[in-house]
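Trainee: Here you go, sequence then predicted model.
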Amino acid sequence: ELPTHELIDGAFILTGGLLLLTPGFLTDLFGFICLTPFSREPMKKFLMRWFKNKIDRGEITIGSF
């Protein structure tokens, strides 16, 4: 089983760090939102639901090697 929750958490942490490095109030705000665990959970659920809908509709295909 793939560690999807951990991979998504890592992507949010990376994105939050990159947003904090860029200047601007909004980028800092979104960077802090991506780094806090209690706000990552709803975003993670939304992202997983969005990907699942895309896969179910056939817009994203997943193949194996």
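Mentor: Everything's here; your move. Residues are numbered from 1 along each chain as shown.

Trainee: pLDDT weak spots in the protein?
Mentor: 65 (pLDDT under 70).

Trainee: For L26, give its distance to L35.
Mentor: Taking CB to CB, to the nearest Å as the measure, L26 falls 15 Å from L35. (Glycine included, C-beta is placed from N, CA and C.)

Trainee: Give me the more crowded residue out of the two.
Mentor: Set L26 next to L35 and count neighbours by other CB atoms under 10 Å: L35 wins out with 16 against 9.

Trainee: check contacts around that one.
Mentor: 12-13, 16-17, 20 (CB atoms under 8 Å, 6 or more residues apart in numbering).

Trainee: Separate out the buried members of those residues.
Mentor: Buried residues within the contacts of L35, defined by neighbour count using 16 or more other CB atoms under 10 Å: 12, 16, 20.

Trainee: Please give the number of neighbouring residues around the closest residue to the first one other than its chain neighbours.
Mentor: In space, and not counting its chain neighbours, F12 is closest to C34: 4.7 Å by CB to CB, 6 or more residues apart in numbering. Residues near C34, counting by other CB under 10 Å, number 21.

Trainee: What strand or helix carries the residue lying closest to T15 once chain neighbours are set aside?
Mentor: Among residues not flanking T15 along the chain, C34 sits closest, at 5.3 Å (CB to CB, 6+ apart). Secondary structure assignment for C34, by DSSP states H and E: helix 25-35.

Trainee: same check, this time on M43
Mentor: Going by DSSP H and E, M43 is part of helix 37-56.

Trainee: re earlier: let's see which of the contacts of L35 end up in strands.
Mentor: Among those, no member falls in strands (DSSP state E).

Trainee: and which of those is nearest L47?
Mentor: Using CB to CB, F12 is the member of these that lies nearest L47, at 8.7 Å.

Trainee: Please name the residues that touch the closest one.
Mentor: 34-35, 40, 43-44.

Trainee: so how far is R49 from it?
Mentor: On the measure of CB to CB, F12 and R49 end up 15 Å apart.

Trainee: and the residue nearest to T15, what does it touch?
Mentor: Neighbours of C34 in contact, by CB under 8 Å, 6+ apart: 12-13, 15-16, 19, 40, 43.

Trainee: rewinding a little: and which of the buried ones among the contacts of L35 is nearest E1?
Mentor: For the buried ones among the contacts of L35, the nearest to E1 is F12 (20.3 Å; CB to CB).

Trainee: I appreciate the help and will end here.
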